[in-house]
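Enquirer: the sequence and its predicted three-dimensional model are supplied below.
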Amino acid sequence: AQSVTQLGSHVSVSEGALVLLRCNYSSSVPPYLFWYVQYPNQGLQLLLKYTSAATLVKGINGFEAEFKKSETSFHLTKPSAHMSDAAEYFCAVSDTGNQFYFGTGTSLTVIP
Amino acid sequence: EAGVTQFPSHSVIEKGQTVTLRCDPISGHDNLYWYRRVMGKEIKFLLHFVKESKQDESGMPNNRFLAERTGGTYSTLKVQPAELEDSGVYFCASSQDMTFGYTFGSGTRLTVV
């Protein structure tokens, strides 16, 4: 069975500070891993994906995530938070690519 | 290209009524998925179409939910009769190749009162 745990349902950072959103997964096979972002009143937008190529994945808007198999983690980071980064972030895992298992989401607040 | 379109964006219905949600995928995307997020919980898979065929409907909660995909184009998700626990946000997504990930719609927020 696959599952995703996102530690921290709410994270607050100051503008310009490091953003770190945590994601741990369980999967019996090498997984596909994704981060999605949802801005208010919008759909889910793909930030980045890991599909067994490079372990450090760069995404849009300056975000990146590192796949660590030994830790079963895929944490999302951004060196410097912008006000526009305020949104809800979802980590997802899939073994086939056809059914995604999502975490419960992390709401990011950026403090000016 | 146009994205995944869902409507209505919001629906408020009474318990026992019927509601039909619609999803228009990106043109040419054979794969269409429905997901649901109940408030505060994770986004959960409902079902997957490949063209007009149901590939996987293991996530459908019960037989009050009926999904169809006419001619492999748009899809509808009907809830009949609606119950209070059906409230949530229903997302549709489409893809041509899973290696690119899905493209999601904005969702339909369903409230059953």
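Expert: That came in fine, so what should we check first?
Enquirer: residue 105: neighbour count?
Expert: Answering for chain A, as no chain was given. 22 (other Cβ atoms under 10 Å in any protein chain shown). Glycine gets a C-beta too; all of them are placed from N, C-alpha and C.
Enquirer: you looked at the wrong chain, it should be chain B
Expert: Residues lying near B:G105 (other Cβ under 10 Å) number 25.
Enquirer: need the contact list for it.
Expert: A:G43, B:G3, B:V4, B:T5, B:Q6, B:C23, B:F91, B:C92, B:A93 (Cβ atoms under 8 Å, 6 or more residues apart in numbering or on different chains).
Enquirer: which pLDDT value does the model give the fifth one?
Expert: Right, the one you point to is B:Q6. Looking at B:Q6, its pLDDT reads 96.
Enquirer: wait, it touches B:C92, no?
Expert: Yes. Using Cβ atoms under 8 Å, B:Q6 is in contact with B:C92, at 5.3 Å.
Enquirer: more crowded one of the two?
Expert: For B:Q6 versus B:C92, neighbours defined as other Cβ under 10 Å are more numerous around B:C92 (28 against 25).
Enquirer: tell me the SS of the residue most central in space within chain B?
Expert: Taking Cα atoms, centre = their mean, the centroid of chain B lies closest to B:W34, which sits 3.6 Å from it. Following DSSP: H, G, I helix; E, B strand; the rest coil, we place B:W34 in the strand state.
Enquirer: for the residue lying closest to B:I43 once chain neighbours are set aside, grab the count of nearby residues.
Expert: Once flanking residues are discounted, B:I43 sits nearest to A:F102: 4.1 Å by Cβ to Cβ, 6 or more residues apart in numbering or on different chains. By other Cβ under 10 Å, 23 other residues sit near A:F102.
Enquirer: same question, B:P81
Expert: Neighbours of B:P81 under the rule other Cβ under 10 Å: 14.
Enquirer: how far away is A:L33 from A:L46?
Expert: According to Cβ to Cβ, to the nearest Å, A:L33 stands 12 Å off from A:L46.
Enquirer: more neighbours: these two, which one.
Expert: Each of A:L33 and A:L46 has its neighbours counted (other Cβ under 10 Å); A:L33 has more, 24 against 17.
Enquirer: quick one: that one from chain B, how far?
Expert: Going from A:L33 to chain B by Cβ to the nearest Cβ, to the nearest Å gives 10 Å.
Enquirer: wait, what's in contact with that residue?
Expert: Applying Cβ under 8 Å, 6+ apart, we find A:L33 in contact with A:C23, A:Y25, A:K49, A:Y50, A:A65, A:F67, A:F74, A:C91, A:A92, A:V93.
Enquirer: out of these, who has the most neighbours?
Expert: A:C91 (30 neighbours).
Enquirer: overlap of the contact sets of B:Q6 and B:C92?
Expert: Shared contacts of B:Q6 and B:C92, counting by Cβ under 8 Å, 6+ apart, come down to B:L21, B:C23, B:G105, B:G107.
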